[in-house]
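# no FASTA, just this:
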């Protein structure tokens, strides 16, 4: 399955779990990859936070580098994640063996990072795959391993649908994507605004 090229910009409204907004810009890089730059802001459980990010993915949509900055009443935070393309990671220059086998970064604060695995795994209808990710918490930038699974249940030239599961959170939903592989509807979390 191939996707249309990403648009220059996209945006989402946070729903349910938090109130806020995310804006992202896509820039092609050498070798067919992309730089994904964005900002997401929200109020969640009475705490206001903002997260800025720049994520580099290669031509296969494998995350190679993510620089993330957050701000909240607790103060500013900064983290750099670097992937070797084969599932090895460094966080701020320190090896992170708990992320071994992960090929994606998934930001708690972001809807766009659910784009990376569907581009990378390119499932046929009925196909499923695990997609463990380096999961970055919004408020303090703690990085955890997030085991997740995608099963493609439908798709046509206008978009695709995947059943998504993150067992550690007991969370399942059906994600709806556009023809570029960007989330249109993330039930209870985000809806596309642009």
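Nice, thanks for sending it over. Predicted model only: the values in this text are computed from it and were never measured.

# show the low-confidence segments of the protein, by residue range.
For the chain, applying pLDDT under 70 flags the ranges 1, 156-158.

# please give me every residue in contact with the residue nearest to the spatial centre of the chain.
By Cα atoms, centre = their mean, the chain has its centre lying nearest to residue 113, at 1.3 Å. Contacts for residue 113 (Cβ atoms under 8 Å, 6 or more residues apart in numbering) come out as 55, 104, 105, 106, 107, 133. Every residue, glycine included, has its C-beta placed from N, CA and C.

# okay if I get those as TSV plus neighbour count and distance to residue 175?
TSV is the format used below for those (neighbours: other Cβ atoms under 10 Å; distance: Cβ to Cβ, whole Å):
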residue	neighbour count	distance to residue 175
55	24	19
104	26	14
105	27	17
106	22	13
107	25	16
133	23	14
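
# looking at those, spot the one nearest residue 40.
Distance to residue 40 across the contacts of residue 113 (Cβ to Cβ) is lowest for residue 107, with 7.6 Å.

# the closest one and residue 4, how far apart?
Residue 107 sits 23 Å away from residue 4, going by Cβ to Cβ, to the nearest Å.

# a helix runs through the residue nearest to the centre of the chain, doesn't it?
Yes: under DSSP: H, G, I helix; E, B strand; the rest coil, residue 113 falls within a helix.

# for residue 123, what are its contacts?
Residues in contact with residue 123 (Cβ under 8 Å, 6+ apart) are 1, 129, 150, 151, 152, 162.

# over to it. Which of the three states is it?
coil.

# now it: how far from residue 95?
31 Å.

# now for the nearest residue in space to residue 137 that is not next to it in sequence, how many residues are close by?
Spatial nearest neighbour of residue 137, excluding adjacent residues (Cβ to Cβ, 6 or more residues apart in numbering): residue 108 at 5.1 Å. As a burial measure, residue 108 scores 20 neighbours (other Cβ atoms under 10 Å).

# okay, how far is it across stretch 88-97, tip to tip?
7 Å (Cα to Cα, to the nearest Å).

# residues in contact with the residue nearest to residue 137?
So residue 108 contacts 135, 136, 137, 138 (Cβ under 8 Å, 6+ apart).

# hmm, residue 110 and the third one touching each other?
So the one you mean is residue 137. No: taking Cβ atoms under 8 Å as the definition, residue 137 is not a contact partner of residue 110, at 11.6 Å.

# neighbour count: these two, which is higher?
residue 110 (27 against 16).

# list the contacts for that one?
22, 24, 38, 40, 51, 53.

# on the three-state scheme, the second one is what?
For residue 24, the reduced secondary structure class is strand; criterion used: three-state DSSP.

# so it is in contact with residue 37, correct?
Yes: counting by Cβ under 8 Å, residue 24 touches residue 37, with 6.9 Å between them.
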